[in-house]
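Visitor: next one to model:
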Amino acid sequence: MENRNNVTVIILFGLSQNKNIEILCFVLFLFCYIAIWMGNLLIMISITCSPLIDQPMYFFLNYLSKLCYTSTVMPELMTDLLAERKTISYNNCMTQLFICHFLRGIEIFILTGMAYDHYMAICKHLHYTIIMSRQKCSAIIIVCCTGGLIHSASQFLLTIFLLFCGPNEIYHYICDVYALLKLACTDMYGIGLLVVFNSGLIALVTFVILMVSYFLILHTIRDYPAESRTKALSTCSSHKTVVDLFFVPVLFIYIRPAETFPEDKLVALFYTIIAPMFNSLIFTLRNLEMKNAVRKV
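Guide: Residues are numbered from 1 along each chain as shown. I've put the predicted structure just below:
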């Protein structure tokens, strides 16, 4: 990609300037990264090699596990933790920005698709098998990927045409939009509003839709027998926990005006490392069908 700026290399401030803390973080993050990969692989193999792949919920979960969003962040982060000088080229920074928002956008929309599946399974159970056919599920995945691409492309285009004159240091460990806006030479108020509208509003609207779907599900199952109600709540609680772990930190960062705070990079750890690591545990340990499939594998 063409660089029209004076900045060709970007210096990342990282998580800490204390070398001992960085080494400790490297060990912890390496453990987390291995756990994320093993958990996602176990879910993908367990679903693919069992009849669960024919159920829409696990069809979506299989695709969610394939994203492995952390792979766009973790290798660079762990390398920088051991490096004396934390730098990334302009082109690699823009590439990381695009891929991160692309995969994150897909994840948001797949979580919404899973909520739609839960709603149909509980509130429209008589027509569930007809509504949630394999063709419908595949179409939802295509829509999720398209939505993620549109979101990422718009964020990328908002950033790629900015003029960066220097300084070239960002107080983050990844190339995030808000951190990069600080390097721009021009007034960023208008661009900042567009970023909030793109990322913040998408996350907020999606989160509200998810909460409404949970409310409708709770309203529907209030008259169910105790056993059926417990099973429905167990299925939805796993999804709800994953949604909270992902959306709360995302909303904290992107729903406000385009301003950066020192806490942002710590909050970003929740949706880049902590949430992906717990996702596989939550979907596996709190779901009887998944636990049986994992045992067979």
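Visitor: please, where are all the strands along the stretch 51-200 of the chain?
Guide: Listed in chain order, the strands of the stretch 51-200 of the chain (DSSP state E, counting those that start in this stretch) span 87-89, 169-170.
Visitor: lowest average pLDDT across these?
Guide: Across the strands of the stretch 51-200 of the chain, strand 169-170 has the smallest mean pLDDT, namely a mean of 83.
Visitor: and it, what does it pack against?
Guide: With contacts taken as 3 or more Cβ pairs under 8 Å, 6 or more residues apart in numbering; DSSP states H and E, strand 169-170 sits against strand 9-12. Backbone N, C-alpha and C define where each C-beta goes, glycine included.
Visitor: sorry, back to before: okay if I get the strands of the stretch 51-200 of the chain as CSV plus mean neighbour count?
Guide: Formatted as CSV, the strands of the stretch 51-200 of the chain follow (neighbours: other Cβ atoms under 10 Å):
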stretch, mean neighbour count
strand 87-89, 15
strand 169-170, 20
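Visitor: how about a markdown table for the ones you listed, with distance to residue 134 added?
Guide: Listed next are those as a markdown table, based on distance: least, Cβ to Cβ, whole Å:
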| stretch | distance to residue 134 |
| --- | --- |
| strand 87-89 | 41 |
| strand 169-170 | 44 |
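Visitor: what about the most far-flung residue of the chain relative to its centre, distance to residue 18?
Guide: The C-alpha centroid of the chain is most remote from residue 225, which lies 35.2 Å away (Cα atoms, centre = their mean). Distance from residue 225 to residue 18, counting by Cβ to Cβ, to the nearest Å: 57 Å.
Visitor: check residue 32 too.
Guide: 20 Å.
Visitor: which one of these two is surrounded by more residues?
Guide: residue 32 (20 against 10; other Cβ atoms under 10 Å).
Visitor: OK, contacts around that one?
Guide: Applying Cβ atoms under 8 Å, 6 or more residues apart in numbering to residue 32 gives the contacts 74, 273-274, 277.
Visitor: could you check the host helix or strand of it and say which residues are buried?
Guide: Using DSSP states H and E, residue 32 falls within helix 19-48. By 16 or more other Cβ atoms under 10 Å, the buried positions in helix 19-48 come out as 22, 25-26, 29, 32-33, 35-37, 39-40, 42-44, 46-47.
Visitor: over to stretch 63-79?
Guide: Neighbour count says stretch 63-79 has 63-65, 67-74, 76-78 buried, by 16+ other Cβ under 10 Å.
Visitor: so which residues make contact with that stretch?
Guide: With contacts defined as Cβ under 8 Å, 6+ apart, stretch 63-79 is touched by 15, 26, 29-30, 32-33, 36-37, 39-41, 43-44, 47, 88, 96, 99-100, 103-104, 106-107, 110-111, 114, 141, 144, 173-174, 272-273, 276, 279-280.
Visitor: hang on, the earlier thing: and of the strands of the stretch 51-200 of the chain, who's closest to residue 156?
Guide: Closest to residue 156 of the strands of the stretch 51-200 of the chain is strand 87-89 (Cβ to Cβ; 15.8 Å).
Visitor: paired strands for that closest one, with orientation please.
Guide: Its sheet considered, strand 87-89 pairs with strand 9-12 (antiparallel) by DSSP bridges.
Visitor: quick one: the helices in the stretch 1-150 of the chain, in order.
Guide: Along the stretch 1-150 of the chain, the stretches classed as helices by DSSP state H, counting those that start in this stretch are 19-48, 56-67, 74-82, 90-123, 128-131, 134-160.
Visitor: for residue 250, which of the ones you listed is the nearest?
Guide: When the helices of the stretch 1-150 of the chain are compared by Cβ to Cβ, helix 90-123 sits nearest residue 250, at 7.9 Å.
Visitor: which elements pack onto that closest one?
Guide: strand 9-12, helix 56-67, helix 128-131, helix 134-160, helix 177-181, helix 201-221, helix 226-254.
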